[in-house]
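Enquirer: Curious how this folds, go ahead:
(chains A and B)
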Amino acid sequence: MDNPLVQPDPGLFIWTIVTFLVLLGLLAKFAWRPLLQALESRQERIRKSLEDAERARQELERLQQDSAKMMQQARMEAESIVTQTRVDAERLREELKQKAKDEADNILRNAQQQIQLQTRQAIQQIRREVADIAVLLASKLLERNIAKEDNARLIDDTLKQIEMTKQ
Amino acid sequence: MLLTSLLALALIQEPAPAQLGAAEAAQAHERFNAGETIIEHVSNNHQHPLIELPRVLGIDFSVTKHVFMLWFVAALVFLIVTFSVRRYLRQDRLVPSGFMNGLEAVVEFVRDDIAQPNVGRKWVMTWTPLILTLFFFILSANAIGLIPIFDTLAVLDRLVLHTTPDSFLNRLTHGGTTATANFNVTAALASITFVSIIIAGSKAHGFLQHWKNMVPHGLHPLIYVILIPIEVIGMFVRPFALTMRLAANMTGGHIAILAILSFVFLFTELFGRAIAGIGVGMIVSVPLAVGISALEIIVVLVQAYVFTLLSSVFIGMAIHIHH
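Expert: As a prediction, this is how the structure comes out:
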């Protein structure tokens, strides 16, 4: 084979294998393995940080929903408190009004009873006095009924006497 | 690209001592032999080894141009890759920048699109370094053949330095630049793949089981009589195909470019005038050579990709048995 293109060259063959294996060993040790590991770990880190971001987003969404719910609840509570308070106030007012009215009624009734009682007592007293006067007058009249004309004077005298005793 | 072609143009008549401008003088001196010149530019320089070494067991271990190119490429790849990776890994936050951006993209491409689909998730860390090294080594060896470093050196030597024909520089300018155009080199690389296939199978299934896996079990004994030879042949055909595909593709493009550029000198000789050669060069050769060089860039990439892809496919086939 004189064509140099197809000339077997065992020396070159062996040199190629040696060169390649040395290059493979050096590159694998100093470049490929560290690089592949770094790429792997970076990929892992990116994946993790994406997951973290997704989780954080979901968390945020949940929190937002929670806070919205809480707001809603608070608003409802406040509303119910206001309503309740209004109802309570109304009731209290009603109660107070009722109480005041009752008290006023009581006072009025007491006063009336008092008045009636006193009126009755007064009437009784008047009656008694009138009776006394009548008895007195009668006795006086009986003493002087001879002189009819003196009756009027007698009554006057008696009334004067009563008045004087009263004074 | 144009520079490549023009430099090749200036050097294609290397056997002839005269310059392009003095083509007529060269004619009297020595006739231009296109075939010889082309062969000289793509083959190894056995006649002028860079470092002559004694034969060991009948094997010539001399450092020829292609051995030198292997070392040159290996050193280049190692330095560039290691430097970039080391600088990248030194940062506390892994943000690739500059060259590392591209390197990382290629590494991830090789890992995710060449290695992993074939060898599988489990073995990806085991085989990716080999596949990456194959890819970068072959790609760089292919690509460096497109850059006329040594042709530039030859021009410098011829015009400025005037070193003796026996000088190291002069020896360096002899022979083809593309080591992967030499089938001895590609055969060695294919042997690496061949051995890797066996190692991959043995690691995944055990040494004996790897050989048993080559044929499906449980068939009629007579079928094995046919099947076993076929599988054994196939085992050797695969690396042989890898060898020939890469070497032939790398040689072919260079030969095409050189053949087109040798029109310049053929026409100069034919018409006895330099102007004829230059005219043909300007109108036909250089544009065509530029086009083929552009094509070569694709071939360089594709062949590096194909070699690595097929290597990982074969390794994957030894790991995942499908019958």
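
Enquirer: Residue ranges in chain A under the pLDDT threshold?
Expert: Applying pLDDT under 70 to chain A flags the ranges A:1-2, A:144-151, A:166-167.

Enquirer: Any idea which residue is closest to the centre of it?
Expert: With the centre of chain A defined as its mean C-alpha position, the nearest residue by CA atoms, centre = their mean is A:Ile81, 4.5 Å away.

Enquirer: which helix is the longest one in chain A?
Expert: When chain A is parsed with DSSP state H, its longest helix is helix A:33-143.

Enquirer: Please name every helix or strand in contact with the helix or strand just after that one.
Expert: Scanning forward in sequence from helix A:33-143 by DSSP states H and E, the next helix or strand is helix A:150-166. Helices and strands touching helix A:150-166, as assessed by 3 or more CB pairs under 8 Å, 6 or more residues apart in numbering or on different chains; DSSP states H and E, comprise helix A:33-143. Where C-beta positions appear, they are placed from N, C-alpha and C, glycine not excepted.

Enquirer: returning to that earlier point: report the distance from the longest helix of chain A to the chain centre.
Expert: 9 Å (CA atoms, centre = their mean, to the nearest Å).

Enquirer: Ok, stretch B:213-228 next?
Expert: Stretch B:213-228 has its average C-alpha position 38 Å from the chain's average C-alpha position, going by CA atoms, centre = their mean.

Enquirer: Check which residues of it are buried.
Expert: Of the residues in stretch B:213-228, those buried under the neighbour-count criterion (16 or more other CB atoms under 10 Å in any protein chain shown) are B:213-214.

Enquirer: average pLDDT across that stretch?
Expert: In this model, stretch B:213-228 has an average pLDDT of 78.

Enquirer: what about it, start to end distance?
Expert: Between the opening and closing residues of stretch B:213-228 there is a gap of 11 Å (CA to CA, to the nearest Å).

Enquirer: ok so, going back, just checking the longest helix of chain A against chain B, any contact.
Expert: Yes. Under the criterion of CB under 8 Å from any CB of the partner chain, helix A:33-143 makes contact with chain B via A:33-36, A:38-39, A:42.

Enquirer: now the stretch 51-200 of chain B, which segments are flagged as low pLDDT?
Expert: Under the criterion of pLDDT under 70, the regions of the stretch 51-200 of chain B flagged as low confidence span B:54, B:92, B:94, B:165-166.

Enquirer: Quick check: the residue of it nearest chain A.
Expert: Residue nearest to chain A within the stretch 51-200 of chain B (CB to the nearest CB): B:Ala188, separated by 3.4 Å.

Enquirer: Give me the neighbour count for that residue.
Expert: B:Ala188 is flanked by 24 other residues according to other CB atoms under 10 Å in any protein chain shown.

Enquirer: list the buried ones in stretch B:183-197?
Expert: Neighbour counts over stretch B:183-197 (16+ other CB under 10 Å) mark B:183-194, B:196-197 as buried.

Enquirer: Out of these, which comes closest to B:Phe265?
Expert: When the buried residues of stretch B:183-197 are ranked by distance to B:Phe265 (CB to CB), B:Phe183 comes first, at 27.9 Å.

Enquirer: Could you find the closest non-adjacent residue to B:Phe68?
Expert: Computed as CB to CB, 6 or more residues apart in numbering or on different chains, the closest residue to B:Phe68 that is not its neighbour in sequence is B:Leu50, at 5.4 Å.

Enquirer: ditto for B:Phe183
Expert: Leaving aside its chain neighbours, B:Phe183 sits nearest to B:Ala247 (3.8 Å; criterion: CB to CB, 6+ apart).

Enquirer: which secondary structure elements does the longest helix of chain A contact?
Expert: Packing contacts for helix A:33-143, counted by 3+ CB pairs under 8 Å, 6+ apart, involve helix A:150-166, helix B:65-90, helix B:99-109, helix B:124-144.

Enquirer: Okay, the residue nearest to the centre of chain A and chain B: tell me how far apart.
Expert: 55 Å (CB to the nearest CB, to the nearest Å).

Enquirer: how much space is there between that residue and A:Ala74?
Expert: Spatial separation of A:Ile81 from A:Ala74 under the definition CB to CB, to the nearest Å is 10 Å.

Enquirer: so what does the one helix or strand B:Gly35 maps to touch, helix or strand wise?
Expert: With secondary structure defined by DSSP H and E, B:Gly35 is part of helix B:34-42. Under the contact criterion of 3+ CB pairs under 8 Å, 6+ apart, helix B:34-42 touches helix B:221-271.

Enquirer: Can you check what angle separates the helix it packs on from helix B:124-144?
Expert: Between helix B:221-271 and helix B:124-144, the angle comes out at 20 degrees (axes from the mean of the first three to the mean of the last three CA atoms, to 10 degrees).

Enquirer: For the helix or strand encompassing B:Ala289, give the mean pLDDT please.
Expert: Using DSSP H and E, the secondary-structure element containing B:Ala289 is helix B:286-319. Model confidence over helix B:286-319, given as mean pLDDT, is 89.

Enquirer: Report the buried residues of it.
Expert: Counting neighbours by 16+ other CB under 10 Å, the buried set in helix B:286-319 is B:286, B:288-290, B:292-293, B:296, B:299-300, B:303-312, B:314-319.

Enquirer: Please apply the same query to stretch B:101-110.
Expert: Neighbour-count burial for stretch B:101-110 [16+ other CB under 10 Å]: B:103-104, B:107, B:110.

Enquirer: distance of the closest residue to B:Leu219 other than its chain neighbours from B:Ser312?
Expert: If you skip the residues right next to it in sequence, B:Leu219 has B:Leu227 as its closest partner in space, 7.2 Å away by CB to CB, 6+ apart. Distance from B:Leu227 to B:Ser312, counting by CB to CB: 25 Å.

Enquirer: Mind pulling up the pLDDT for B:Phe236?
Expert: Per-residue pLDDT puts B:Phe236 at 91.
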